[in-house]
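Peer 1: no sequence for this one, just the structure:
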């Protein structure tokens, strides 16, 4: 039984290393004083970073290692030479039951490859997925896969629905999260064969989720469903396009407010409102991609995040760990796959 | 030789019919006084709409028809029963050389099916595409395919590059528009086989464009290239996701400015700036999906557009018509396909 209140942090990951990781963990500890941490990496640097964070120092254990995964390493290289790196050791601590989740701001591909190797996919899961939290008008939704794999067959998409629903249950505390399949809206085509087949699978199955049918790209941010399921290529493009659009509009807004003296004065008076807007649009608020479908929880923080961003990823790992979602998920997946076999449902290549 | 200054309008298409179509055409005529129009549809209703637009009435010819394509008709139905509808007749006028482009705000799937049937694909083009104009920080770029087809092989993606470059040449007046292939950014996978194969094709060919390699979703709005090439499923999702994100942030902004009296006063003072922002984000500014790869120009306006939005689609049709891009494009495609055959390049299924 994993220690759900202990989190394993790759203290060397990300663009800024231990300083940001430690400061982020300290922020998260303020919000969740019951947390404990295992910090993997260079002991001297971590110890130095901890001097400003005594509360954290009292609840953290440093496990020294000299080696790290370079940000530029290819996943296959990282996997071959990864044993003993701070990233590997953080994942292994989860595998050994010493921690409930591992959080890293390091090399995404390496983390994915190592997590898959160390945790192994859950029984019957052909493809793990990366799930992202997506800000919506009202709250947040979960979108997966945002880039673990390219392409997915119908059964794999249906698995994503179950994985996303499990995460939704853990984070939103809803027993049967609503799930939508991302599809295109041109009448001529209305989705390819795989999406239609996944639709039929989800509609026809008695799953622990509320299947809402197809959703389109513009509906993600409206929060029409708790979980949006999509194949990884389109999912990754959707996520990055949304991020880019937000930045683009931020720039429009800044330029517009600098146009005239009246605009400048107005913007000054409205700064309370702009602060709220900025907070809403702050990508650090919902930082953390989660690998789903493995026998362990790993969260990827954005490499360029500051302490506030890393703290969000730590919070996410903690919520996932605390919920004990893996056990329930294993059962749900097993039942779903059993039913597929019983009804002789075809899974396309 | 088509009459490039005459445009064929489906006067019955869209949610509002002749009133909006006529008002939109009148706006476009103000900007381009040399234009002439063929208006297809119910003569009585069009005549009534024209009473408020005498300048347009003097340069428009009404061609009466009783039948229209319903917004809910399936493309196959519309195709079977389409002959004699206002949409069909507008496309046919282009085919017959009476007009340089057809513009409709009607049923997208029907328009696509009819345009393909009436114009026929250009020699060697296996898949026509729908191209969208995408607002960027500096100007606009072209994104295709945004939904004509799902999936595309490497050769088809390379064709899209040529189609998009031809449109870029017509609209941006650049001899060799820059082109990027939309791809994912996770190091592990970096695109599927088809995208990589298309990359090799574009890199290795001597095409009338500047190939810039891969771009990611967040780079579209930064305007890093003039033309972004992507398979239709991911392209449609990217386009709708960007639209949805823009609306979402618009709502955040409105809510934020209503929070306090200071914000309200500030927003009032900054209203000049907000007007600029609103204009920047106005989806009517760049309205119109263009069907590329056919022997004729058809532009689809958003069905819910008002006169201003429809006028943008008319302007787009006119620019495309005026440029005479089809002849040059036919030559470029022919040369590209000839080279493919000569070098024995493989095209994957």
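Peer 2: Sure thing, it's come through. Because the structure is predicted, anything quoted here is derived from the model rather than measured.
Peer 1: which SS state does residue A:179 fall under?
Peer 2: Here residue A:179 is recorded as strand under DSSP: H, G, I helix; E, B strand; the rest coil.
Peer 1: ok, now which ones touch it?
Peer 2: A:161, A:164-165, A:202, A:209-212, A:225-229 (Cβ atoms under 8 Å, 6 or more residues apart in numbering or on different chains). All C-beta spots, glycine's among them, are computed from the backbone N, C-alpha and C.
Peer 1: how close does residue A:279 get to residue B:33?
Peer 2: 50 Å (Cβ to Cβ, to the nearest Å).
Peer 1: Those two - which one has more neighbours?
Peer 2: Higher neighbour count among residue A:279 and residue B:33: residue A:279, with 12 against 8, using other Cβ atoms under 10 Å in any protein chain shown.
Peer 1: Quick check: the more buried one vs residue B:23, distance?
Peer 2: Residue A:279 sits 42 Å away from residue B:23, going by Cβ to Cβ.
Peer 1: Below-threshold pLDDT in chain A: ranges please.
Peer 2: For chain A, the stretches with pLDDT under 70 are A:1-2, A:185-191, A:274, A:277, A:280-287, A:344-349.
Peer 1: how does it divide into domains?
Peer 2: A:6-123+A:293-323, A:129-282 (automatic domain parsing).
Peer 1: Out of those, which is closest to residue B:97?
Peer 2: For the domains of chain A, the distance to residue B:97 is smallest for domain A:129-282, at 27.2 Å, taking Cβ to Cβ.
Peer 1: quick revisit: for the contacts of residue A:179, which single residue is the most surrounded?
Peer 2: Neighbour max across the contacts of residue A:179 (other Cβ under 10 Å) = residue A:229, 33 neighbours.
Peer 1: partners of that residue in the sheet?
Peer 2: residue A:144, residue A:181 (DSSP bridges).
Peer 1: Doesn't residue A:34 lie inside a helix?
Peer 2: No: applying three-state DSSP, one finds residue A:34 to be coil, outside a helix.
Peer 1: For the residue lying closest to it once chain neighbours are set aside, what are phi and psi?
Peer 2: Nearest non-adjacent residue to residue A:34, counting by Cβ to Cβ, 6 or more residues apart in numbering or on different chains: residue A:5, 5.5 Å away. When quoted as degrees, to the nearest 10, the phi and psi of residue A:5 stand at phi -100, psi 0.
Peer 1: Quick check: residue A:5 vs residue A:211, distance?
Peer 2: 34 Å.
Peer 1: now swap in residue A:62 and tell me
Peer 2: In terms of Cβ to Cβ, residue A:62 sits 46 Å off from residue A:211.
Peer 1: Could you do residue A:290 as well?
Peer 2: Counting by Cβ to Cβ - residue A:290 and residue A:211 are separated by 21 Å.
Peer 1: circling back to that earlier point, so the residue nearest to residue A:34 touches residue A:99, yeah?
Peer 2: No: the pair residue A:5 and residue A:99 fails to qualify as a contact (Cβ atoms under 8 Å) at a distance of 9.1 Å.
Peer 1: Which residues are in contact with each of these two?
Peer 2: residue A:321.
Peer 1: Just give the number of residues close to the closest residue to residue A:136 other than its chain neighbours.
Peer 2: The spatial neighbour of residue A:136 that comes closest, neighbours along the chain excluded (Cβ to Cβ, 6+ apart), is residue A:223 at 3.1 Å. Look at residue A:223: counted by other Cβ under 10 Å, it has 17 neighbours.
Peer 1: dump the residue contacts of residue A:223.
Peer 2: A:136-141.
Peer 1: got it, and residue A:225?
Peer 2: For residue A:225, the contacting residues are A:141, A:177-180, A:212, A:215, A:219, by Cβ under 8 Å, 6+ apart.
Peer 1: please redo it, this time with the cut-off set to 6 Å
Peer 2: Residue A:225 makes contact with A:178-180, A:212, A:215, according to Cβ atoms under 6 Å, 6 or more residues apart in numbering or on different chains.
Peer 1: which SS state does it fall under?
Peer 2: Going by three-state DSSP: residue A:225 is coil.
Peer 1: For the residue most central in space within chain A, list the residues it contacts.
Peer 2: With distances taken as Cα atoms, centre = their mean, residue A:289 lies nearest the centre of chain A, 2.1 Å away. Contacts for residue A:289 (Cβ under 6 Å, 6+ apart) come out as A:130, A:132, A:300.
Peer 1: Go through these and say which is closest to chain B.
Peer 2: Among those, residue A:130 lies closest to chain B (Cβ to the nearest Cβ), at 7.8 Å.
Peer 1: counting contacts, what elements does the helix or strand where that closest one lies pack onto?
Peer 2: For residue A:130, the enclosing helix or strand under DSSP states H and E is strand A:129-135. When contacts are defined as 3 or more Cβ pairs under 6 Å, 6 or more residues apart in numbering or on different chains; DSSP states H and E, strand A:129-135 sits against strand A:140-144, helix A:154-172, strand A:289-292.
Peer 1: next one: that strand to chain centre, how far?
Peer 2: Relative to its chain's centre, strand A:129-135 lies at 5 Å (Cα atoms, centre = their mean, to the nearest Å).
Peer 1: Would you mind listing the outside residues contacting that strand?
Peer 2: So strand A:129-135 is in contact with A:140-148, A:160, A:163, A:167, A:220, A:239, A:286, A:289-293, going by Cβ under 6 Å, 6+ apart.
Peer 1: tell me which residues in the helix or strand harbouring residue A:44 are buried?
Peer 2: Take DSSP H and E as the rule and residue A:44 turns out to sit in helix A:43-50. Using 16 or more other Cβ atoms under 10 Å in any protein chain shown as the test for burial, helix A:43-50 gives A:43, A:45-46, A:49-50.
Peer 1: and what of stretch A:150-164?
Peer 2: Residues of stretch A:150-164 classed as buried: A:150, A:152-164 (neighbour count, 16+ other Cβ under 10 Å).
Peer 1: Nearest to residue B:271, out of those residues: which one, please.
Peer 2: Comparing the buried residues of stretch A:150-164 against residue B:271 with Cβ to Cβ places residue A:164 closest, at 42.1 Å.
Peer 1: what ranges do the strands span in chain A?
Peer 2: A:6-10, A:36-41, A:60-64, A:101-104, A:129-135, A:140-144, A:178-182, A:210-215, A:227-229, A:289-292, A:298-300 (DSSP state E).
Peer 1: Who are the packing partners of the last one?
Peer 2: Secondary-structure packing of strand A:298-300 (3+ Cβ pairs under 6 Å, 6+ apart): helix A:108-119, strand A:289-292, helix A:307-323.
Peer 1: Now, of the contacts of strand A:129-135, which are buried?
Peer 2: Buried among those (16+ other Cβ under 10 Å): A:140-148, A:160, A:163, A:167, A:220, A:239, A:289-293.
Peer 1: The residue nearest to residue A:34: what's it in contact with?
Peer 2: Contact partners of residue A:5, counting by Cβ under 6 Å, 6+ apart, are A:34-36.
Peer 1: Ranking by neighbours, what's the top pick from these?
Peer 2: residue A:35 (22 neighbours).
Peer 1: Spell out which residues of the stretch 1-150 of chain A are next to chain B.
Peer 2: A:75, A:108-109, A:112, A:137, A:147, A:150 (Cβ under 6 Å from any Cβ of the partner chain).
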